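> How does the following fold in three dimensions:
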Amino acid sequence: MADFIEAMTGLIAVCIPIAIVWIIFHYRHANKRSSASISAEEARQLEELMDIADNMAERIKTLESILDDETPEWRERVREQQGEE
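Residues are numbered from 1 along each chain as shown. Coordinates of the predicted model:
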C-alpha cells in the first residue's frame, strides 16, 4: 500500500505542473484567437471609413483636375513652398 501511495504521489507531482502549463497556454491561445476577429459593429465602421476615404480620394482627383485646367503651374508652386518650409 505504501508503494502505491508513493507511486501516486510521484504521478501527481509530475501531472499537476504539466496540467497547469497546458491550461495557461490553452486560454492564452483562446484569448488571442477571440481578440483577433472584429465585431460586426467594427466591420461596419471600417466599411464606412473606407467609403469616406474613397469619396475623399475622388474629390481630391476632381480638385486637382480643376486646378490643372485653370492653373497649370500650381504643382510647381506647391513643391517650391514645401521646399522652403
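> CA atoms for contacts and neighbours, from now on please.
Noted.
> who's in contact with the host helix or strand of residue 82?
Assigning secondary structure by DSSP states H and E places residue 82 in helix 74-84. The contact list for helix 74-84 (Cα atoms under 8 Å, 6 or more residues apart in numbering) reads 67, 68.
> average pLDDT for it?
The predicted model gives helix 74-84 an average pLDDT of 87.
> do the same with stretch 1-9
82.
> Can you dump the C-alpha atoms of that stretch in PDB for me?
Output of stretch 1-9 as PDB, limited to C-alpha atoms (Å, rounded to 0.1, in the frame of the first residue of the first chain):
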ATOM      1  CA  MET A   1       0.000   0.000   0.000                       C
ATOM      2  CA  ALA A   2       2.900   2.400   0.800                       C
ATOM      3  CA  ASP A   3       4.300   1.700  -2.700                       C
ATOM      4  CA  PHE A   4       1.000   2.600  -4.300                       C
ATOM      5  CA  ILE A   5       0.800   5.900  -2.400                       C
ATOM      6  CA  GLU A   6       4.400   6.800  -3.300                       C
ATOM      7  CA  ALA A   7       3.700   6.000  -7.000                       C
ATOM      8  CA  MET A   8       0.500   8.100  -7.000                       C
ATOM      9  CA  THR A   9       2.300  11.000  -5.200                       C
END
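> how near is residue 19 to residue 27?
As for residue 19, its distance to residue 27 is 12 Å (criterion: Cα to Cα, to the nearest Å).
> what do these two both touch?
Counting by Cα under 8 Å, 6+ apart, nothing touches both residue 19 and residue 27.
> From residue 80, how far out is residue 63?
20 Å.
> How much space separates residue 16 from residue 4?
18 Å.
> What residues sit buried inside the lowest-mean-pLDDT helix or strand in the chain?
Counting by mean pLDDT, DSSP states H and E, the weakest-scoring helix or strand in the chain turns out to be helix 2-36, with a mean of 84. By neighbour count with 16 or more other Cα atoms under 10 Å, helix 2-36 contains no buried residues.
> what about that helix, distance to the chain center?
31 Å (Cα atoms, centre = their mean, to the nearest Å).
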